[in-house]
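Novice: test case, fold it:
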Amino acid sequence: MARTLPTAADIRQYHSSLSNWGRWGAEDQLGAMNLITPEKRLQAVNLVEKGISVTMGRPIVAETTADGPVPPTLYMIESGEGWRDTPGKKEMASHNASEYIGFVFHGYVMTHVDALSHWFDGDKMYNGHPADAVHTRGGATLESIDLLRNGVVTRGVLFDFPTLKGVDYMQEREAIFPEDLDAAEKELGVTVESGDLLLIRTGNWERRNAIGPRNPSAPDGGASGLHAACLPWLRERDIAMLGGDLAQDVLPSGYPEFPLPVHQVILTAMGCWILDNCNFEEVARMCKQEGRYEFLTVVTPLRMANGTGAPVNPIAIF
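Specialist: Numbering: from 1, shown residues only. Just a heads-up that it's a prediction; the model follows:
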């Protein structure tokens with residue numbers, strides 16, 4: 001039976017039909033983070049049984065790659081080299097190392113959170129706030145990453161598609177559709193609920209490690225991920241944050257007008273925050289070992305004042 005997919009006009013309509021604008025008031029900047037209530041946090045905390053913590057972040061490596069043409073910079077201001085043989089220094093009882101670091105975290109390599117100020121729909125961002133509230137000098141004066149200064153503490157749910165498909169990783173350009181999300185709930189024995197952080201593992205990180213870095217946006221590139229047809233499903237589940245092991249969207253998206261339709265709609269219309277470029281290898285192994293795909297998640301982005309996002313090392317706790 002042929003699958004019916006949304007048209008570009010349907011995706012444009014999603015900006016209205018799936019919108020959370022005004023749901024928490026005209027001045028709201030938190031969006032779907034409002035769904036993480038104290039009760040939701042307590043539900044998540046009660047999932048901890050063994051006190052085992054697992055990273056879901058990628059290492060930050062200062063190297064140029066096909067998918068990271070602007071590499072992180074690590075410049076040592078002081079190090080431990082030269083102290084042994086430099087006159088006068090070896091007599092000092094105490095010294096230290098320090099460094100300067102710099103990076104462009106948006107992209108396909110570094111694990112980071114996208115704030116709602118990261119993407120615009122025309123001249124507006126989430127909840128109708130003006131796009132020009134993000135200044136060339138000074139950054140995001142509204143909807144900045146600093147709104148998450150108290151951290152994101154909620155129930156994490158992992159949809160482990162490589163395990164479900166019996167493969168090491170999904171292939172480039174391989175899409176996930178709503179029926180796949182329904183099947184994942186059934187086969188993994190977990191139901192996505194309001195306020196959850198839904199984590200989609202397709203194996204993009206494992207494929208990168210196996211075949212090397214590739215530019216997902218290049219004409220001969222691509223990535224596995226969610227098809228735009230999943231957007232109504234995500235809105236129905238009322239998630240607070242969506243995480244993936246790349247940029248959530250299947251690439252290419254199939255819509256020239258919307259290169260990243262999942263990104264575009266959930267950030268600007270739904271006000272759902274995004275967690276990009278995770279490493280789910282260890283957490284997937286832990287889920288298999290424990291026989292459950294729900295756990296406490298803690299996400300604490302750097303407090304970058306007026307930032308449109310920030311690097312993060314998200315943690316799953318079992």
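
Novice: report the beta-bridge partners for the residue nearest the centre of the chain.
Specialist: Nearest residue to the geometric centre of the chain (C-alpha atoms, centre = their mean): L275, 1.4 Å. Going by DSSP bridges, L275 is paired in beta bridges with V113, G243.

Novice: now the strands: where do they sit in the stretch 1-150 of the chain?
Specialist: 53-55, 73-78, 98-102, 112-114, 134-135, 139-140 (DSSP state E, counting those that start in this stretch).

Novice: need the contact partners of the longest one.
Specialist: Pointing back at strand 73-78 there. Outside strand 73-78, the residues within contact range by C-beta atoms under 8 Å, 6 or more residues apart in numbering are A62, H95, N96, A97, S98, E99, Y100, I101, G102, F103. Heads up, the C-betas are built off the backbone N, CA and C, glycines and all.

Novice: 7 Å - rerun?
Specialist: Under the contact criterion C-beta atoms under 7 Å, 6 or more residues apart in numbering, strand 73-78 has outside partners A62, N96, A97, S98, E99, Y100, I101, G102, F103.

Novice: okay, and the beta partners of the fourth one?
Specialist: Beta-bridge pairing of S98 under DSSP bridges involves E78.

Novice: model confidence for it, exactly?
Specialist: Per-residue confidence (pLDDT) for S98: 91.

Novice: what's the answer for the last one, then?
Specialist: Taken from the predicted model, the pLDDT recorded for F103 is 90.

Novice: could you find the closest non-adjacent residue to it?
Specialist: P72 (4.0 Å; C-beta to C-beta, 6 or more residues apart in numbering).

Novice: residues contacting the residue nearest to the centre of the chain?
Specialist: V113, M241, G243, V299, P314.

Novice: in CSV: those, plus pLDDT and distance to Y169.
Specialist: Listed next are the contacts of L275 as CSV, based on pLDDT from 0 to 100; distance: C-beta to C-beta, whole Å:
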residue, pLDDT, distance to Y169
V113, 98, 24
M241, 98, 23
G243, 98, 17
V299, 98, 24
P314, 98, 20
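
Novice: ranges for the helices of the stretch 151-300 of the chain?
Specialist: Assigned helices in the stretch 151-300 of the chain, in chain order: 161-165, 178-188, 204-211, 231-237, 261-268, 281-290 (criterion: DSSP state H, counting those that start in this stretch).

Novice: a markdown table for the ones you listed, including distance to L5?
Specialist: Below are those laid out as a markdown table (distance: least, C-beta to C-beta, whole Å):
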| stretch | distance to L5 |
| --- | --- |
| helix 161-165 | 19 |
| helix 178-188 | 10 |
| helix 204-211 | 22 |
| helix 231-237 | 12 |
| helix 261-268 | 11 |
| helix 281-290 | 28 |
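
Novice: and of these, who's closest to D220?
Specialist: When the helices of the stretch 151-300 of the chain are compared by C-beta to C-beta, helix 204-211 sits nearest D220, at 12.9 Å.

Novice: how many neighbours does D182 have?
Specialist: 11 (other C-beta atoms under 10 Å).

Novice: nearest residue to it in space, please, no chain neighbours.
Specialist: Using C-beta to C-beta, 6+ apart, the closest residue to D182 is W233 (7.9 Å).

Novice: same question for G307.
Specialist: Closest to G307 by C-beta to C-beta, 6+ apart is I145, at 4.4 Å.

Novice: doesn't D114 make contact with that neighbour?
Specialist: No: counting by C-beta atoms under 7 Å, I145 does not reach D114; the two are 8.6 Å apart.

Novice: joint contacts of these two?
Specialist: The contact lists of I145 and D114 share G309, where a contact means C-beta under 7 Å, 6+ apart.

Novice: can you list the contacts of L275 in a markdown table and add neighbour count and distance to F120?
Specialist: Shown next, in a markdown table, are the contacts of L275 (neighbours: other C-beta atoms under 10 Å; distance: C-beta to C-beta, whole Å):
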| residue | neighbour count | distance to F120 |
| --- | --- | --- |
| V113 | 26 | 17 |
| M241 | 28 | 20 |
| G243 | 27 | 22 |
| V299 | 23 | 23 |
| P314 | 26 | 25 |
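
Novice: before I go, just wanted to say thanks for your time.
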